[in-house]
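Participant: Sharing a model prediction with you, sequence too.
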Amino acid sequence: MTDLDYKYALLYQRRLNLLQNQVTAESEKVTMALDLATHDDIHRFALFEVKFQELWCAVTNSLEELLKELRQKREAVDMDFKKQVEAVFLACRSHTGIPSIQEIEQRFCIEKSYAVVYEKYLNEIRAHLSKHLSSLDNGLERSLDNVKLQVAQILIDKGHLGKLTQAQGVEFIEAIATQIPNGADTRDTKSTEIWVPNAGEVSAFLPRISTVPHSQIFRWTDSK
């Protein structure tokens, strides 16, 4: 009976040893797979960092160059806008909205007070001239659109963002802006403020670029 028990125990010991060897082998396979996956992840992340820095430097450097160019042209005369200002000035002189003496007298007969007539005509003349001046908005808008167009081209060419939308030019800026999550404060979020050596900080201009003057499109600071 003792011999039978011994053989029975020996059989199960061999089975346990075999099972242990199988578990050890599988454990080694899992460890190797995890090591390989970790190595691949580290490699991919390192590659991402390198490529991102290359892309970010290309974008920021191009935007810095554009900013320098805009600063240099700041004092230059915009001939297209100048012509529009001259046309508006001519229209204001040709159609002043100033009433004739006869019209003033007729208005006095109604109001019974030259002070009241003066005040009302003054407001009407201001409104009349404002209509002429409002056409200058088109010229300012064209100037701003030209800057937007240059920014969009940089984001497409240097930032490789063209695949995010089929839109081009000014419409590209608007399309990209709509893809930024609502309520995201890009001015205080680390993921959207990235410091790059020898480059400025580009911060949160897409959502606001359609509503601000071109001199305020970019928020730039010296690199830290």
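Facilitator: Yep, it's here.
Participant: buried residues in the helix or strand hosting A175?
Facilitator: Secondary structure assignment for A175, by DSSP states H and E: helix 169-178. For helix 169-178, the neighbour count (16 or more other C-beta atoms under 10 Å) marks V170, F172, I173, E174, A175, I176 as buried. The way it works is simple: take the backbone N, C-alpha and C, and place the C-beta from them, glycine included.
Participant: which regions of the chain lie under the pLDDT threshold?
Facilitator: With pLDDT under 70 as the threshold, the chain has low-confidence stretches at 1-13, 26, 29-30, 33-41, 43, 182-224.
Participant: ok so, going back, which helices and strands sit right next to the helix holding A175?
Facilitator: For helix 169-178, the elements it packs on are helix 136-157, judged by 3 or more C-beta pairs under 8 Å, 6 or more residues apart in numbering; DSSP states H and E.
Participant: check which helix or strand covers F108.
Facilitator: Assigning secondary structure by DSSP H and E places F108 in helix 101-111.
Participant: can you list the domains in this structure?
Facilitator: Under the assignment automatic domain parsing, the domains of the chain span 1-76+138-224, 77-134.
Participant: residue ranges of the helices in the chain, please?
Facilitator: With helices called from DSSP state H, the chain shows them at 2-72, 79-94, 101-111, 114-134, 136-157, 169-178.
Participant: How many residues are close by the residue nearest to I125 when sequence neighbours are not counted?
Facilitator: Leaving out its chain neighbours, the residue that sits closest to I125 by C-beta to C-beta, 6 or more residues apart in numbering is G97, at 4.6 Å. By the criterion of other C-beta atoms under 10 Å, G97 has 14 neighbours.
Participant: How much space separates G97 from L129?
Facilitator: 7 Å (C-beta to C-beta, to the nearest Å).
Participant: Quickly list what's touching both of the two.
Facilitator: Between them, G97 and L129 share no neighbouring residue, with contact defined by C-beta atoms under 8 Å, 6 or more residues apart in numbering.
Participant: who touches S135 in this structure?
Facilitator: Under the criterion of C-beta under 8 Å, 6+ apart, the neighbours of S135 are Q84, V88.
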